[in-house]
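J.: what's the 3D shape of this:
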Amino acid sequence: MSTRVSPGRTDAMGMLEGRRAVVTGAASGLGSAITSAFRDAGAEVVTMDLAGSVDLECDVADEASVTRAFESAAQTLGRIDVLVNSAGVLTESPAEQMSLQTWDATIAVDLTGVFLCTRAVLGGMREQRWGRVINLASQLGIKGGIGLAHYSAAKAGVIGFTKSVALEVAGDNVLVNAIAPGPIDTPMVAGITEDWKAAKKAELPLGRFGVPEEVAPTAVLLASDPGGNLYVGQTLGPNSGDVMP
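T.: Numbering: from 1, shown residues only. Model (predicted):
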C-alpha cells in the first residue's frame, strides 16, 4: 500500500498562535514535520539537533549541552510554552549479542535526553502556570520488538517518565503527554534491515508504515488550547493499528 499523504491545508491554522516552542531532533523525520506543523499553526519555534539546518546545536544526552541550548532558547523566545522531545536514535541488535556501548548510547539519547530536556523547561512552565511537554515514545515501548530490546526499553521508560512527571506538574497547568507512533518512514528507520521492515508491515492492520506528516497533527493537538487541555499523562498512538490499548 502507498504511504503517500494528500497535500493541502489542514484545520490547524492558528491553533498555536502566540505559543513559543522548542523541538529537539528537528533536523529530520518527526521533529522536522512537527516543527513545520507548529509553524503552520502559528507557533514560534526554536529547533535543536546535533547537526543540520536547525537553530541550536544540542546533544540531548549531555547535561551541559542541554543547559546551554535551553538557556539560549529561552532568551530567544522570551519563554518556553511547549517542548517536543523528538530527538532519538535507533539501532538493531539481538539482546544476546548487544554491546553495553550500544545499550548505553540508546538509553542516553532516547530516555536520559527526554529527562534532561524536560527538566530544563519545567521550572519556567510552572512559574507561568502554562506548559505542554510532548514526548516521542514508540509503540515498541508497549509491545516490544525483536532486535530492539534497547530501543523498546528506552521508549517504555519514556512512557513511565511521562506519567510520573504529569502527576507532579499537572496542578500547575503543565500537561505532559506522549505520542507512541508505529513504524514511520523516516531516516532513522531507514537503517533497520529490510527483512525487519517487511515483517513489520505484514503485522500492521493498515498494511503500511506511516509518514511524519501523519503524526505531526497529534503533536499540534496536544499543544493546543482547548484541544489538548484534558490530556494528562496520556500516550496517543498513531501506529497503523500495531497496538490497540
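
J.: And stretch 224-232, how far out from the chain middle?
T.: Offset of stretch 224-232 from its chain centre (CA atoms, centre = their mean, to the nearest Å): 17 Å.

J.: Would you map the strands across this protein?
T.: Remark: strands assigned in the chain by DSSP state E are 20-23, 44-49, 56-57, 82-85, 131-136, 174-179, 235-236.

J.: for the ones you listed, which one ends up most surrounded?
T.: Ranked by mean neighbour count, these are led by strand 82-85 with a mean of 28 (mean count of other CB atoms under 10 Å). C-beta coordinates here come from the backbone N, C-alpha and C atoms, glycine included.

J.: State the mean pLDDT of that strand.
T.: Strand 82-85 carries an average pLDDT of 98.

J.: tell me what that strand is packed against?
T.: strand 20-23, helix 29-40, helix 113-128, strand 131-136, helix 216-223 (3 or more CB pairs under 8 Å, 6 or more residues apart in numbering; DSSP states H and E).

J.: repeat that with 6 Å
T.: The contact analysis (3 or more CB pairs under 6 Å, 6 or more residues apart in numbering; DSSP states H and E) places strand 82-85 against strand 20-23, helix 113-128, strand 131-136.

J.: want to throw the ones you listed into a markdown table with mean pLDDT?
T.: Below are these laid out as a markdown table (pLDDT from 0 to 100):
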| stretch | mean pLDDT |
| --- | --- |
| strand 20-23 | 98 |
| helix 113-128 | 98 |
| strand 131-136 | 98 |
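
J.: Switch the ones you listed over to a markdown table; also include distance to V84.
T.: Formatted as a markdown table, these follow (distance: least, CB to CB, whole Å):
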| stretch | distance to V84 |
| --- | --- |
| strand 20-23 | 4 |
| helix 113-128 | 9 |
| strand 131-136 | 5 |
